[in-house]
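Colleague: From the sequence below, what's the structure:
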Amino acid sequence: MPRLGAHLSIAGGLVRALERGESLGCETIQIFTKNNNQWRSRPLTKREAGDFQQKLHAGPLHLAFAHDSYLINLASPDPALLERSRFAFVDELKRAQELGLQYLVLHPGAHLASGQETGIREIAKSFDWVFERIPSGKVEVLIETTAGQGTSLGFRFDQIRAILDRVKESHRLGVCIDTCHLFAAGYDLRTQKGYEQTFEAFERVVGIARIKAFHLNDSKKPLGSRVDRHEHIGKGFLGLTPFRLLLNDPRFKNHPMVLETPKGEDDTWDRENLGLLKSLLK
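Modeller: Residues are numbered from 1 along each chain as shown. Below you'll find the predicted structure:
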């Protein structure tokens, strides 16, 4: 079965995210390793990293992974912002390694009117720059499929393929599929036929083996809107069919799948969404 979980807060400490995951019955979780709205990060102490790894290995969670800061733009045409983004991503990757995480997910970047080809070329150069500074490949970097909002790249499979083809150490890269983003980008998952066509296209252009994780989100906006707005499972334009198909797809039976659906004041919505997803498993 796929490993179900949610993106959880690290408020109160990194270990608290693991505890929250356990209380929700998660098999995996995604976290930010720092405040995702700030460039600066306080270095992790050996005790923090050690306590997190000990708790992770001793508990019921199969694995944990991270998402990088939304401030990072590895496609930026602004030299100062590009340099800042590259150094920030190096820091994100180091933190993920220190915590023993399996994956680090990122939105590939926005070209900001410099053009698709220029943006893709800059993203690939940024990955080469980062990997040169962190030669160890303990953490796999996952390019997240995007909705294509604004000038964001990664909303078409051919764009992801183009990035992979330009990165020297592309074996260190995988893909994280976001269901809301796929739908908003124009890939219709709402029927068996549409679902099959989408993943046939992914296999043909990128390769199914590149998919390592999923974000399970319904969409507040319709097909092809290119607007990134997550909704609770079954309450948006996607409905339940895509999630039923995905959860029971034998190709993804061991993949981590996490919610990034809206939060409430407590964990009620995460609990309800996870319960609904589990009910779709055959």
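Colleague: drop to CA atoms for contacts and neighbour counts, all remaining ones
Modeller: Noted.
Colleague: Other residues contacting stretch 98-116?
Modeller: 49-50, 52-53, 63-70, 72-77, 93, 96, 118-120, 123, 138-146, 150-154, 176 (C-alpha atoms under 8 Å, 6 or more residues apart in numbering).
Colleague: Report the buried residues of that stretch.
Modeller: Across stretch 98-116, burial judged by 16 or more other C-alpha atoms under 10 Å covers 98-101, 103-112, 116.
Colleague: all helices of this structure, in order?
Modeller: 14-24, 46-58, 79-98, 116-133, 157-166, 179-184, 192-205, 241-247, 268-279 (DSSP state H).
Colleague: most tightly surrounded among the ones you listed?
Modeller: Highest mean neighbour count of these: helix 179-184, a mean of 29 (counted as mean count of other C-alpha atoms under 10 Å).
Colleague: list the helices and strands that one packs on?
Modeller: strand 211-216, strand 218-219 (3 or more C-alpha pairs under 8 Å, 6 or more residues apart in numbering; DSSP states H and E).
Colleague: can you list those in JSON lines and add mean pLDDT, distance to N273 and mean neighbour count?
Modeller: Output for those, formatted as JSON lines (pLDDT from 0 to 100; distance: least, C-alpha to C-alpha, whole Å; neighbours: other C-alpha atoms under 10 Å):
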{"stretch": "strand 211-216", "mean pLDDT": "98", "distance to N273": "10", "mean neighbour count": "24"}
{"stretch": "strand 218-219", "mean pLDDT": "98", "distance to N273": "10", "mean neighbour count": "28"}
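Colleague: Export the ones you listed as a markdown table, with columns for distance to S23.
Modeller: Listed next are these as a markdown table, based on distance: least, C-alpha to C-alpha, whole Å:
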| stretch | distance to S23 |
| --- | --- |
| strand 211-216 | 20 |
| strand 218-219 | 23 |
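Colleague: Looking at those, which is nearest to R271?
Modeller: R271 lies closest to strand 211-216 among the helices and strands packed on helix 179-184, at 13.8 Å (C-alpha to C-alpha).
Colleague: ok, and what's touching the closest one?
Modeller: Against strand 211-216 from outside (C-alpha under 8 Å, 6+ apart): 142, 174-180, 233, 243, 255-261.
Colleague: Separate out the buried members of the contacts of stretch 98-116.
Modeller: 49, 52-53, 63-69, 72-77, 93, 96, 119-120, 123, 138-146, 152-154, 176.
Colleague: Take those and keep only those in strands.
Modeller: Within these, residues falling in strands by DSSP state E are L63, A64, F65, A66, H67, E140, V141, L142, I143, E144, C176.
Colleague: Among those residues, find the lowest-pLDDT one for me.
Modeller: For these, the weakest pLDDT value sits at L63, with 93.
Colleague: so who does it touch?
Modeller: E27, T28, I29, L56, L101, Q102.
Colleague: do the same with R210
Modeller: L173, G174, V175.
Colleague: Mind putting the residues you listed into a markdown table with distance to G239?
Modeller: Below are the contacts of R210 laid out as a markdown table (distance: C-alpha to C-alpha, whole Å):
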| residue | distance to G239 |
| --- | --- |
| L173 | 30 |
| G174 | 27 |
| V175 | 23 |
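Colleague: mind putting these in JSON lines, neighbour count, distance to R204 and pLDDT included?
Modeller: Formatted as JSON lines, these follow (neighbours: other C-alpha atoms under 10 Å; distance: C-alpha to C-alpha, whole Å; pLDDT from 0 to 100):
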{"residue": "L173", "neighbour count": "22", "distance to R204": "18", "pLDDT": "98"}
{"residue": "G174", "neighbour count": "24", "distance to R204": "15", "pLDDT": "98"}
{"residue": "V175", "neighbour count": "23", "distance to R204": "15", "pLDDT": "98"}
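Colleague: Can you tell me which of those residues comes closest to S23?
Modeller: Closest to S23, out of all of the contacts of R210 and judged by C-alpha to C-alpha, is V175, at 28.2 Å.
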